[in-house]
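S.K.: Got a sequence here, can you model it:
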Amino acid sequence: MKFSFSKTFPWKHFLLRPAFLVFFICAAFMPTFYCLFSYYKKSEKFEALQEEYFALKPKIAKVLTNKNNEHTFLKLYANSDRFYTETHLEKMKFLEPEVKQLKFLANYNSFARCASLNNRLQKLSSELNRLRLSQIDCHTSRLTQETQQKLLTPVEVDREDLHKLLAYIEGVPIGPIQSPVGRPNLQLTRFSLTKQTATGDRDTYAIDFDLVKREPILPKDAR
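M.R.: Below you'll find the model as predicted:
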């Protein structure tokens, strides 16, 4: 006796069962689900890479900008004078017209014993009214050096002295006054100006300031 499985098995009833239909539909859509899942995972990775890129983009731009700025700085201040502040700032003389006038008056007997005149003359013509800068901090990188300097005591100046001093520090011409050759990068970090009691026919001001000096580090054989 032959047994025919195909004839005796209820295929039609089996195929029409809801469970089989669900399984068949899921199996049919399995490749689609797999593709969607793969796409979703790749999309997540792409979005993560995008976020990392956008997070790094400002840092990359900053690094490139710093390199460009560093190259420009080194080129601009390659010939700066290491002793600029000592040579040009600390040797400046202030209130010279008043000093000349006081010296002229001191030659007369009627003024020679005037204590206030002599004290004023001594103050203005001595080191007491000169710039004396003290280094308070120094930072050195591979190619540059940054020095923070502080004025030890305020000095008294007139308008012309002030213009000259600012031109020498900031490097910006004020009228006919220009900074000397070899100026390093100087920037004022603090500046105070106080008007003094008028003496003679001109106003005077007490100034006090801090500054930062930036300059390239020269090779040892070039110093």
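S.K.: Tell me, domain by domain, which residues of the protein belong where.
M.R.: 22-76, 80-94+130-222 (automatic domain parsing).
S.K.: ranking the ones you listed by mean pLDDT, which is last?
M.R.: With a mean of 60, domain 22-76 has the lowest mean pLDDT of the domains of the chain.
S.K.: looking at this, Arg214 is in a strand?
M.R.: Yes - using DSSP: H, G, I helix; E, B strand; the rest coil, the assignment for Arg214 is a strand.
S.K.: from memory it sits against Glu146, does it?
M.R.: Yes - the pair Arg214 / Glu146 is scored as a contact, 5.0 Å apart, by CB atoms under 8 Å. (Each C-beta comes from the backbone N, C-alpha and C, glycine too.)
S.K.: Tell me how many other residues surround Asp76.
M.R.: If you look again at residue 76, you'll see it is Leu, not Asp. Residues near Leu76, counting by other CB atoms under 10 Å, number 11.
S.K.: Work out for me the element the nearest residue to Phe111 once chain neighbours are set aside sits within.
M.R.: Using CB to CB, 6 or more residues apart in numbering and skipping residues adjacent in sequence, the residue nearest Phe111 is Leu105, 4.4 Å away. Using DSSP states H and E, Leu105 sits within helix 96-106.
S.K.: Could you list every helix and strand in contact with that helix?
M.R.: helix 115-125 (3 or more CB pairs under 8 Å, 6 or more residues apart in numbering; DSSP states H and E).
S.K.: ok, and the closest non-adjacent residue to Lys195?
M.R.: Tyr205 (5.5 Å).
S.K.: I should have written Ala112 there, sorry.
M.R.: The nearest residue in space to Ala112 (CB to CB, 6+ apart) is Ala106, at 6.0 Å.
S.K.: cool, and Leu121?
M.R.: Leu102 (4.2 Å).
S.K.: what pLDDT, on average, does the helix holding Leu105 get?
M.R.: 90.
S.K.: likewise stretch 109-119?
M.R.: pLDDT averaged over stretch 109-119 gives 81.
S.K.: Between the two ends of that stretch, how far is it?
M.R.: Taking CA to CA, to the nearest Å, stretch 109-119 runs 16 Å from one end to the other.
S.K.: now stretch 152-168
M.R.: First-to-last residue span, stretch 152-168, CA to CA: 19 Å.
S.K.: Quick one: the helices in the protein, in order.
M.R.: Taking DSSP state H as the criterion, the chain carries its helices at 5-8, 11-15, 18-76, 84, 96-106, 109-112, 115-125, 159-170.
S.K.: Now for Phe111, how many residues are close by?
M.R.: Neighbours around Phe111, by other CB under 10 Å: 14.
S.K.: Over to the one 10 residues further on?
M.R.: Other residues near Leu121 number 18, with proximity taken as other CB under 10 Å.
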